[in-house]
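Enquirer: Okay, structure incoming, though there's no sequence with it:
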Ligand code: SAH
């Protein structure tokens, strides 16, 4: 796969589009401007890679819309070397954005096919997560907790308690909550039992599923 000047041009346009939609974090915009999103999509769909749209990947899943990736990442307020847990590795695009911003990334995927494909592919194009895990995101990753940030990239029917429990004090959980349509929700841990909740409007994700494989 090649990353050409034409791709870079399309990426610059995409960055303009999502910044016009309200994304202001320069580090987020910088990551989206530098990561070749077309590498994350099957070869037949290269023309779609730089539209601000979600797109089908393998195993009936989707690569999230760039604006949504940017919106969720902005809410995390990442600083270099923050320990971040992602639920729903999928294509690995969001994982790459987090790596590019200097986070130490742990990412869980429950579809074995996607887990295998993305685990091989991400390091090949230079994005090294701390750990990619085949497992159930509802449980989080207790052995690596606490996290500075947790990002869920599938629609959660409810907020899994383990994810709140695995946040450090001051940490942020970004999770789309709901069935057909999800409300983007941010929890900030203020103390051992104290969570602040903020809501940010409607988004649509593929559903977060339990008990597969
Ligand atoms: N971040 C991905 C988005 C993929 S879509 C990207 O940018 O491409 C959501 C992903 O969540 C899918 O790959 C799906 O298989 C995964 N998923 C769904 N339920 C899950 C669960 N319980 N645990 C971990 N991953 C899950």
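Expert: That came in fine, so what should we check first? Source: prediction; values computed, not measured.
Enquirer: can you give me the offset of the helix or strand residue 32 falls within from its chain's centre?
Expert: Using DSSP states H and E, residue 32 maps to helix 26-34. Here helix 26-34 is found 14 Å from its chain centre; the criterion is C-alpha atoms, centre = their mean, to the nearest Å.
Enquirer: going on from it, what's the next piece of helix or strand?
Expert: Sequence-wise, the next helix or strand downstream of helix 26-34 (DSSP H and E) is strand 55-56.
Enquirer: related to what we said a few turns ago, how about the helix holding residue 32, does it reach the ligand?
Expert: No. Judged by C-beta under 6 Å from any ligand atom, helix 26-34 and the ligand are separated, with a smallest distance of 11.8 Å. All C-beta spots, glycine's among them, are computed from the backbone N, C-alpha and C.
Enquirer: Equivalent analysis for stretch 110-117, please.
Expert: Yes. Stretch 110-117 reaches the ligand (C-beta under 6 Å from any ligand atom) through 110, 111, 114.
Enquirer: outside of the helix holding residue 32, which residues touch it?
Expert: 11-12, 14-15, 18-19, 23, 66, 69-70, 73-74, 78, 96-97, 100-101 (C-beta atoms under 8 Å, 6 or more residues apart in numbering).
Enquirer: ok, the residue nearest the centre of the chain - contacts?
Expert: The centroid of the chain falls nearest to residue 94 when counting by C-alpha atoms, centre = their mean (3.7 Å). Residue 94 makes contacts with 64, 69, 72, 73, 86, 88, 151, 153, as judged by C-beta under 8 Å, 6+ apart.
Enquirer: Please apply the same query to residue 115.
Expert: 89, 109, 132, 133, 134.
Enquirer: Quick one: neighbours of the last one, just the number.
Expert: Think residue 134. 15 (other C-beta atoms under 10 Å).
Enquirer: Determine the three-state secondary structure at the residue nearest to the centre of the chain.
Expert: Here residue 94 is helix, with the state taken from DSSP: H, G, I helix; E, B strand; the rest coil.
Enquirer: what separates it from residue 9, distance-wise?
Expert: 23 Å (C-beta to C-beta, to the nearest Å).
Enquirer: Same question for residue 186.
Expert: Computed as C-beta to C-beta, the residue 186 to residue 9 distance reads 34 Å.
Enquirer: what does residue 114 give?
Expert: Distance from residue 114 to residue 9, by C-beta to C-beta: 30 Å.
Enquirer: Those two: which is more packed in?
Expert: Using other C-beta under 10 Å as the criterion, residue 114 and residue 9 rank with residue 114 on top: 20 against 11.
Enquirer: For the closest residue to that one other than its chain neighbours, give me its contacts.
Expert: Excluding its sequence neighbours, the residue lying closest to residue 114 (C-beta to C-beta, 6 or more residues apart in numbering) is residue 59, at 5.3 Å. Taking C-beta under 8 Å, 6+ apart as the criterion, residue 59 is in contact with 111, 113, 114.
Enquirer: Over to residue 92?
Expert: Residue 92 neighbours (C-beta under 8 Å, 6+ apart): 40, 107, 118, 121, 122, 127.
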